[in-house]
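J.: I would like to see how this sequence folds:
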Amino acid sequence: MSARPGRSGLLDLARAAAGLPAFLRHPVGLAAAGAAVGAGVRRREAAFLASAERLIFAAPDGPLARLLRWAGCEAGDLRRMVAADGVEAALARLRAAGVWVSAEELRGRAPLRRSGLTLELAPHDFDNPLAAGRIAGATSGSTGSALPVRYSWPFLAGEAAHELLLLASHGLFDAPVALWLPGPPGIAGLHNLLVHAKLGRPPRRWFSPSPAPAAGSGLAYRADRGWRVLRRLLPRLGPAPEWVPPERAAEVARWLAESPRPAVLKCFAGAAMRVARAAVDGGLDLSRHLVLAGGEPLTPERRGFLARAGLRVHARYAATETGFVAGACPAGENGGDMHLYADRLAVIASERGALAFTSLSLAAPKVLLNVELGDHGLLRQQPCDCALGREGLAWRVAEVHSPAKIALEGVKIGEVDLADLVAGVVRELGGSADDFQIWLGDGANGDARPTVVLSPQAHIEPVALREGLRRRLPALAGGGALAAALWCDAGALAVERLPLRLGPDAKVRRLVRLQRGEPAAGAGSGSGDALRS
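T.: Presented below is the predicted three-dimensional model:
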């Protein structure tokens, strides 16, 4: 999840400053959090119908109202379906009737086409007019264009309740917390900072893998300075971000090791891997502590490495369009079995495993009805006696992944978008489409580093391709700028000269998927020509 401030960034900052004192005045306590979530679960059918009536049917020219009319579904029909079968069954019937929105349609990259219906869409068509949001962000543009999103103070307060129950389920509701997430203009770090500030227990440290925007970099710089000023005026916000690049993971590992009591680190899955390696290299025992990792899948290879390193890592699931989606159950398998925050979201899965989201809250940033975001996963219902399960959050989601995206350092870029960008740089350098491939897959040690492979016959130097990619990555909407900083600085994207792999028809494929556990070029050997700053 990543973001950059838009043209209204300074106005958003001023409004945020006006709303922050009231937001921080009344912290969320554990009893109140449980009561709020439990009540939300019990009234979710009524919440869904109220959201549909006030946000969809009340806007008859909106895309979702028009799509429902096309399917022959009016407000009364929806009420009867929910009364008869429940929320998820009603959504499944609507999905089968053609009422759903793809990720490309959501972002206005493709028109919504159904038999006899064509809708030209724009991202703002799904904005919630009732959510007076003042914290602005944007998706990573993983399908080629960023989607602006605004969070309201009531929405963030609701997320604080979920986060407190998640920590309580792991026995750490009052534990010291640190973030290793990008600072402004990225939204992930700020989002988590505000949620913990609402709990009255802001993070102790905010390590940022990306440096603060340089002076003269426009709104990004002014937004970063503005948040630092707000932090000085409102100490309850917590710490300002401090730059700790990926190669200094040992500093984060030492903070955990030196905590006098069990602590929590929130970071991306790739960052958790670096913390584990630093702990092993430094002889640090982190087994008392918990890492909540999101942004990238916790694959079996990664989970195995983390377990061998003695680090307890559990998954979190969030999306900019929805906010927090799910948090891992302490009793779940492999740290990846998550309780869905079903008091505010309904999720169904297609036969191919694509997850479709529906917002139930009038405070949600986006009005969603069977909207796909590009993620796949497994859904089931199972009761549980942890703090989340006791409030009725029985829906579970697991094996979450994005098959058409490359997820590194919390930034997701579409595979096709990255391949097109590499092809453009190769052409600029005098090469052709047969001169390169992108190899994808986890190595045996859990590394998920994609490799751009140059043919030995290509008249292009790896260093030139590295420089070209670093120069061109920011052009990818939304996540490109963060990818340029985080992927390159972390060495997450590699460039190597090796023989290309041919398909069964002896043709060169742009994308090559390695077998699980098969090492990528140079991975772990030190021989790879990694793309670094």
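J.: pull out the buried residues from the helix or strand harbouring Arg466.
T.: Counting by DSSP states H and E, the element that carries Arg466 is helix 462-472. Of the residues in helix 462-472, Pro462, Ala464, Leu465, Arg466, Gly468, Leu469, Arg470, Arg472 count as buried by neighbour count, 16 or more other CB atoms under 10 Å. In short, each C-beta sits where N, CA and C put it, glycine included.
J.: same deal with stretch 279-287?
T.: Ala279, Val280, Leu284, Leu286.
J.: please apply the same query to stretch 246-265.
T.: Neighbour-count burial for stretch 246-265 [16+ other CB under 10 Å]: 246, 249-250, 252-257, 259, 262-265.
J.: same deal with stretch 196-215?
T.: For stretch 196-215, by 16+ other CB under 10 Å, it's 196-199, 201-210, 212-213.
J.: now do the same for Trp249: its pLDDT.
T.: For the record, residue 249 is Ala, not Trp. Here, the pLDDT recorded for Ala249 equals 93.
J.: then Gly133?
T.: 53.
J.: per-domain residue ranges of this structure.
T.: 9-36+133-339, 411-513 (automatic domain parsing).
J.: now render those as JSON lines, adding distance to Arg390.
T.: Putting those into JSON lines (distance: least, CB to CB, whole Å) gives the following:
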{"stretch": "domain 9-36+133-339", "distance to Arg390": "7"}
{"stretch": "domain 411-513", "distance to Arg390": "33"}
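J.: quick one: which of those domains is nearest Ala47?
T.: When those are compared by CB to CB, domain 9-36+133-339 sits nearest Ala47, at 11.6 Å.
J.: just checking, Leu49 touches Leu78?
T.: Yes. Leu49 is within contact range of Leu78, at 6.8 Å (criterion: CB atoms under 8 Å).
J.: between the buried residues of helix 462-472, which is nearest Leu30?
T.: Closest to Leu30, out of all of these and judged by CB to CB, is Arg470, at 46.1 Å.
J.: before we move on, which element is Arg69 in?
T.: Using DSSP H and E, Arg69 falls in helix 63-70.
J.: okay, that helix in CSV with CA atoms only?
T.: The C-alpha trace of helix 63-70 is given here as CSV (Å, rounded to 0.1, in the frame of the first residue of the first chain):
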residue,chain,number,x,y,z
PRO,A,63,-22.2,2.8,-11.7
LEU,A,64,-23.3,0.4,-9.0
ALA,A,65,-26.9,1.5,-9.1
ARG,A,66,-27.0,1.2,-12.9
LEU,A,67,-25.3,-2.2,-12.7
LEU,A,68,-27.9,-3.4,-10.3
ARG,A,69,-30.8,-2.1,-12.4
TRP,A,70,-29.3,-3.9,-15.4
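J.: quick check: buried residues in whichever helix or strand comes after that helix?
T.: On the C-terminal side of helix 63-70, the nearest following helix or strand under DSSP H and E is helix 75-85. Neighbour counts over helix 75-85 (16+ other CB under 10 Å) mark Leu78, Met81, Val82 as buried.
J.: for the next helix or strand after helix 75-85, buried residues please.
T.: Counting by DSSP H and E, the next helix or strand C-terminal to helix 75-85 is helix 87-96. Using 16+ other CB under 10 Å as the test for burial, helix 87-96 gives Val87, Glu88, Ala90, Leu91, Ala92, Arg93, Leu94, Arg95.
J.: does the fourth one touch Val371 like I think?
T.: It stands for Leu91. No. Using CB under 8 Å, Leu91 is not in contact with Val371, being 10.8 Å away.
J.: what is in contact with the two at once?
T.: Ala356, Thr358 (CB atoms under 8 Å, 6 or more residues apart in numbering).
J.: low pLDDT regions in the stretch 151-300 of the chain?
T.: 185, 214-224 (pLDDT under 70).
J.: thinking Lys511 is in contact with Ala419, fair?
T.: No Lys there; residue 511 is Leu. Yes. The pair Leu511 / Ala419 is scored as a contact, 6.2 Å apart, by CB under 8 Å.
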